[in-house]
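Colleague: Give the three-dimensional model of this entry:
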Amino acid sequence: MSDRAGPEASADVPAAVAAGVRLFNRGRYLEAQELWEATWRDAPADERSFLEALVQLAGGLHLRTQRGGTRGAEHLLGRALATLEEVGASRHGVDVGRLLAEFGAYHDGMRASRRPHRLLDAFTVPKIR
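Modeller: Below is the predicted model of the structure:
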């Protein structure tokens, strides 16, 4: 498979982003990650970095909340935030500025605590808006 989408490839990026956001906001991070990753494969080049950041965000939160992985989660969330800084203010109904602010604060808190806490994390993970 080619790394770039050809004219025959058609990924419905807005629909996939919306569906993934619904999964993500219900705490179904792995499912959101898989959906966004599948969409990323066929997405146009100008959509790929945004989708990659969403994949990393969901993957990091899956590691943190379901597997207790702090270092891997920190790494993925940090990469997602760095990528999102290049995206712009909004994309497909997602307020990227708010996403950066809220997940930046969550990432900072996670790094400070150094330990996963399933109950606390369930209440502190921001939603994608």
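Colleague: Name the single longest helix found in the protein.
Modeller: Counting by DSSP state H, the longest helix found in the chain is helix 45-66.
Colleague: what's the angle from whichever helix or strand comes after that one to helix 45-66?
Modeller: Sequence-wise, the next helix or strand downstream of helix 45-66 (DSSP states H and E) is helix 70-84. Orientation check (axes from the mean of the first three to the mean of the last three Cα atoms, to 10 degrees): helix 70-84 against helix 45-66 gives 160 degrees.
Colleague: what sits up against the helix or strand just after helix 70-84?
Modeller: Counting by DSSP H and E, the next helix or strand C-terminal to helix 70-84 is strand 90-91. With contact meaning Cβ atoms under 8 Å, 6 or more residues apart in numbering, strand 90-91 is reached by 17, 50, 96, 97. The C-beta positions use only the backbone N, C-alpha and C, and glycine is treated the same way.
Colleague: Show me just the buried residues among those.
Modeller: Among the contacts of strand 90-91, those classed as buried by 16 or more other Cβ atoms under 10 Å are 17, 50, 96.
Colleague: ok, of these, which one's closest to residue 75?
Modeller: Ranked by distance to residue 75 (Cβ to Cβ), the buried ones among the contacts of strand 90-91 are led by residue 50 at 19.2 Å.
Colleague: quick one: residue 38 from residue 111, how far?
Modeller: Going from residue 38 to residue 111 by Cβ to Cβ, to the nearest Å gives 30 Å.
Colleague: Distance check, residue 101 against residue 34.
Modeller: In this view, residue 101 and residue 34 are 27 Å apart by Cβ to Cβ.
Colleague: Between those two, which is the more surrounded one?
Modeller: Remark: of residue 101 and residue 34, residue 34 carries more neighbours, 17 against 12, as counted by other Cβ atoms under 10 Å.
Colleague: Thank you kindly, that will do.
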